[in-house]
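**Q** Next input, structure requested:
(5 chains)
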Amino acid sequence: MRRTVPGVKDLPVECKILLDEGCDIVMAFGMPGKEPIDKQCAHEASLGIIQAQLMTNKHIIEVFVYEDEGKDEKDLLEICKNRAIKHARNAMHLIFKPESLRKRAASGARQGRRDVGGIGKTGGQ
Amino acid sequence: MRRTVPGVKDLPVECKILLDEGCDIVMAFGMPGKEPIDKQCAHEASLGIIQAQLMTNKHIIEVFVYEDEGKDEKDLLEICKNRAIKHARNAMHLIFKPESLRKRAASGARQGRRDVGGIGKTGGQ
Amino acid sequence: MRRTVPGVKDLPVECKILLDEGCDIVMAFGMPGKEPIDKQCAHEASLGIIQAQLMTNKHIIEVFVYEDEGKDEKDLLEICKNRAIKHARNAMHLIFKPESLRKRAASGARQGRRDVGGIGKTGGQ
Amino acid sequence: MRRTVPGVKDLPVECKILLDEGCDIVMAFGMPGKEPIDKQCAHEASLGIIQAQLMTNKHIIEVFVYEDEGKDEKDLLEICKNRAIKHARNAMHLIFKPESLRKRAASGARQGRRDVGGIGKTGGQ
Amino acid sequence: MRRTVPGVKDLPVECKILLDEGCDIVMAFGMPGKEPIDKQCAHEASLGIIQAQLMTNKHIIEVFVYEDEGKDEKDLLEICKNRAIKHARNAMHLIFKPESLRKRAASGARQGRRDVGGIGKTGGQ
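**A** Predicted coordinates:
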C-alpha cells in the first residue's frame, strides 16, 4: 500500500492509519527543505512518528533526506536512492529476519553515504 | 464548520474537538509573530496538532504564515492567499482523491511561494 | 474555583485536575523568570498545558508574562494587567459566544501590549 | 517511601510507579551535570515528569539543582538544602493546605536562592 | 532476549514491544553520530524511550555513547565498555536490590568516565 501526503508533518498520522489498518511496517519518506523552519518541521514529524510507533507497537522506518545534504542535485539523488534502498532492506529484515540485523549492528553502516566502519576497523563497505 | 481561537496554542484542542464531533479533516490557520517566543509558541502548537491527529486518526492541515515571511505587507498577503489555496486543495485531495497527491509528490511544490521544482527538473509550476 | 501551585511546571496537572472535576475552561497564570532555564521551564509547562487540553477536550488559556518583558516594574505590571484582562475576555468568549472571536481574528490583537493591527490596516486598538 | 534511580531520566517512570502504587505526591530530586548533554537530559526528564503527572492526576515536585549553579561546593550545598526544604514545604501545602500557597503566589519566592520579591515590593524574604 | 534495530530512533518502540512481551527491564544501546542531526535524533529517541517507560510502568536503561565523546577510537571503546558495565549493574540493582542504589546516590558516579565524586568529597572511585 502506498499513500502520499502534502508535507512531512502529515506523515505521522498517515503512518498510524496504515498501521491500524493492518500493515506490519511502514516506511515514511520525506525531503525537508533547507531552511531552519523546515528542519523544525522535520523534528516535529520525527517526534510524531516515534509516538505513532509507541501507540501501535509497530515500526515506522523514517527515511528523510534534507535538501541541503547533497553537494549538488546529482549527489542528492544518489543519497536518496542509497538511503531508500538501505532502509527498505532494514524494513525487510525487521519483519522477516530480525536476527540478521545483529550482524550489522555497530558496523558503522550509514544510510545515504558510504559506510564509516566500526570502531577499530578500517574503511567502510 | 469554522471556529476561531485566541492564539495558535489554542488550535490543537479546538481541532481535536472538531474531529471528535465528526469532521473528516480540519485546516488550522495561524499567523505566529516574529519574535523568538512567537516561534516557540508555533512549535508547541505544531507538536500539539500532530498529537491531536494521532489521537483521532484524522488529518489536520496546518497553515501557518509567519509575520516575518513577507518582504512587505503586500507580499505577506500574497503568501497567505497562495498557501491557503494550495493547502485547501491538499485537504480536498486527502479526503476525496488521495491518489492525485502522488503525482505532485517530490515535484518541489511549495505552499506560499513559487514552487521550487523537483530534482533534475527545471523551474517550478 | 482558584488554585495556586509552586511553579509553572506544576500548572499542567493542576489545570487537568480542575477540568476533570468539571470546570469548562481554566486560565493558567504564570510569570517565568528571565534566565534561560526559566524559559525552558515555561516551554515544558506550555507543552504540558497543550497535552492536558487534548486529554480533556477543553481549553486552557495560558497567561504567561516573562519577568524580562517589561522595561521596568511599572511596565511589567501594566503588561500583566492588560494580558490578564484580554485573556479573561477570550476565555469568556470561547465558552459563551465563540462566534464573537471570529470578528477579532487576524486583527493583530495582542495580549499585554498595544495591538499591532492586521495586514493592510493602520495602527492598533 | 523512597526510591533511588541511576539518573534523572529514570525519574519519570519511577515517580509514576510510586503514584500508581498509591502515593499522593512525589518529590523528584536530581542533580544534572554541567555539560550541554546533561541539560538536555534534564529537559527530557522534566517533560517526562510533566507527562507522568497528567497520566496520574497527581503532583510531582521536581527538585533539580544543576552542578554549575553554585559558585563553589559550599554554595552548591546551600542551594540544595534551601531548595529541598522549600519544595518539601510546597509539597506539604499542596496536599494538606493548598489555600496557603495562594498567599505566597507572585511574592517572588525562589527555591534555592534568596527570594527576589514581588512586583512593587522591596527585597525578598 | 536481544533485538537489533537499524538506528536509535527505532529503539523506543522495540523496547516497548519487549516490555509488553514480559521483560522486566530493557537496556537500550545506541551510538549517535557526531553531526547536529545525529544529536537531534538521539534527543528524539530519548523522549520516546521515556514515553515508552511511562506507558509500561517499567524501566528502560538508556546507554548512549556519542561518536565524538572519545579522544580517539581506543578512548571511545573504553567509554563504551565502562558505560555498558555500570549501566548493566544499575539495571540489575533496579530489579533485584533497588535499595543498594541509594548508597551510591549523589556520590558523583559517572557512567563511561571516571566518577567525579560527591559534594564535599575528594576524588572519584
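**Q** quick one, helices of chain A?
**A** Along chain A, counting by DSSP state H, helices occupy A:11-20, A:36-56, A:73-96, A:99-104.
**Q** Is it possible to get JSON lines of those that adds mean pLDDT and distance to chain B?
**A** From N, CA and C alone the C-beta is placed, and that goes for glycine too. Below are these laid out as JSON lines (pLDDT from 0 to 100; distance: least, CB to the nearest CB, whole Å):
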{"stretch": "helix A:11-20", "mean pLDDT": "98", "distance to chain B": "4"}
{"stretch": "helix A:36-56", "mean pLDDT": "97", "distance to chain B": "4"}
{"stretch": "helix A:73-96", "mean pLDDT": "95", "distance to chain B": "5"}
{"stretch": "helix A:99-104", "mean pLDDT": "76", "distance to chain B": "27"}
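**Q** For E:Leu19, which of these is the nearest?
**A** Distances from E:Leu19 to each of these were compared by CB to CB, and the smallest falls on helix A:36-56, at 11.0 Å.
**Q** ok, the closest one near chain E or not?
**A** Yes - applying CB under 8 Å from any CB of the partner chain, one finds helix A:36-56 in contact with chain E at A:His43, A:Ser46, A:Leu47, A:Ile49, A:Ile50, A:Gln51, A:Gln53, A:Leu54.
**Q** Give me the number of neighbouring residues for the first one.
**A** Around A:His43 sit 20 other residues, with neighbours defined as other CB atoms under 10 Å in any protein chain shown.
**Q** so it sits right up against E:Cys41, yeah?
**A** No - using CB atoms under 8 Å, A:His43 and E:Cys41 do not qualify as a contacting pair, with a distance of 9.5 Å.
**Q** about what we covered before: C:Glu14 is nearest to which of the helices of chain A?
**A** For the helices of chain A, proximity to C:Glu14 was assessed by CB to CB; helix A:36-56 is nearest, at 24.5 Å.
**Q** Next, report how far that closest one is displaced from the centre of its chain.
**A** In terms of CA atoms, centre = their mean, to the nearest Å, the centre of helix A:36-56 is found 12 Å from the chain centre.
**Q** Same question for stretch A:13-31.
**A** Computed by CA atoms, centre = their mean, the chain-centroid distance of stretch A:13-31 equals 12 Å.
**Q** Please identify the buried residues of it?
**A** Within stretch A:13-31, the residues scored as buried using 16 or more other CB atoms under 10 Å in any protein chain shown are A:13-19, A:25-31.
**Q** In those residues, find the pair that's most separated.
**A** With distance counted by CB to CB, no two of the buried residues of stretch A:13-31 lie farther apart than A:Leu19 and A:Met31, which are 22.3 Å apart.
**Q** Now do stretch A:90-102: everything it contacts.
**A** Contact partners of stretch A:90-102, identified using CB atoms under 8 Å, 6 or more residues apart in numbering or on different chains, comprise A:Asp24, A:Ile25, A:Met27, A:His59, A:Ile61, A:Gln111, E:Arg2, E:Arg3, E:Thr4, E:Val5, E:Pro6, E:Asp10.
**Q** Contacts only, for the first one.
**A** Shown in contact with A:Asp24 (CB under 8 Å, 6+ apart): A:Lys58, A:Ile95.
**Q** could you measure it against A:Phe96, distance?
**A** Distance of A:Asp24 to A:Phe96, computed by CB to CB, to the nearest Å: 10 Å.
**Q** now do A:Asn82
**A** According to CB to CB, A:Asn82 and A:Phe96 sit 22 Å apart.
**Q** So between the two, which is more surrounded?
**A** A side-by-side neighbour count of A:Asn82 and A:Phe96, using other CB under 10 Å, places A:Asn82 first with 16 against 9.
**Q** Looks like the more buried one contacts A:Gln111 (just checking).
**A** Yes - A:Asn82 is within contact range of A:Gln111, at 7.0 Å (criterion: CB under 8 Å).
**Q** how about the residues of chain A near chain E?
**A** Contact residues (CB under 8 Å from any CB) of chain A with chain E: A:43, A:46-47, A:49-51, A:53-54, A:57-59, A:61-62, A:66, A:87, A:90, A:94, A:98-99, A:101-102, A:104-106, A:111, A:119-120.
**Q** Show the buried residues in the residues you listed.
**A** For the residues of chain A next to chain E, burial is judged from neighbour counts taken by 16+ other CB under 10 Å, and it is met by A:43, A:46-47, A:49-51, A:53-54, A:58-59, A:61-62, A:66, A:87, A:90, A:94, A:101, A:104, A:111, A:119.
**Q** Residues contacting stretch A:61-77, please?
**A** Stretch A:61-77 is contacted from outside by A:8, A:25-34, A:38-39, A:42, A:45-46, A:49, A:78-80, A:83-84, A:87, A:90-91, A:94, A:111-112, B:119-120, E:6, E:9-10, E:37, using CB under 8 Å, 6+ apart.
**Q** For A:Gly118, give me the pLDDT.
**A** What the model reports as pLDDT for A:Gly118 is 61.
**Q** go on, A:Arg113?
**A** Taking A:Arg113 on its own, its pLDDT is 65.
**Q** tell me the two of the residues of helix A:36-56 next to chain E that are most distant?
**A** With CB to CB as the measure, no two of the residues of helix A:36-56 next to chain E lie farther apart than A:His43 and A:Leu54, at 17.2 Å.
**Q** Would you pull up the residue in chain A closest to chain C?
**A** For chain A and chain C, the shortest gap (CB to the nearest CB) falls at A:Leu47, measuring 10.7 Å.
**Q** Spatially nearest residue to that residue (excluding sequence neighbours)?
**A** E:Glu44 (5.6 Å; CB to CB, 6 or more residues apart in numbering or on different chains).
**Q** so the one you found touches A:Ala45, yeah?
**A** No - in this structure, E:Glu44 is not within contact of A:Ala45 by CB under 8 Å, at 10.0 Å.
**Q** the more surrounded of these two?
**A** The neighbour comparison of E:Glu44 against A:Ala45 (other CB under 10 Å) goes to A:Ala45, with 24 against 21.
**Q** and chain A, which of its residues are near chain D?
**A** Taking CB under 8 Å from any CB as the criterion, chain A does not approach chain D at any residue.
**Q** Would you mind measuring from A:Asp75 to A:Gly30?
**A** When CB to CB is the yardstick, A:Asp75 and A:Gly30 sit 19 Å from each other.
**Q** Next: A:Leu77.
**A** Distance check for A:Leu77 against A:Gly30: by CB to CB, it reads 16 Å.
**Q** now do A:Cys80
**A** Using CB to CB, A:Cys80 is found at 11 Å from A:Gly30.
**Q** can you check A:Lys58 too?
**A** From A:Lys58 across to A:Gly30, the span is 19 Å (CB to CB).
**Q** next one: A:Glu14
**A** When A:Glu14 is compared with A:Gly30 (using CB to CB), they lie 11 Å apart.
**Q** Give the full set of residues in contact with the closest residue to chain D within chain A.
**A** Of chain A, the residue with the smallest distance to chain D, taken as CB to the nearest CB, is A:Leu47 at 10.7 Å. Contacts for A:Leu47 (CB under 8 Å, 6+ apart) come out as B:Leu47, B:Ile50, E:Glu44, E:Leu47, E:Gly48.
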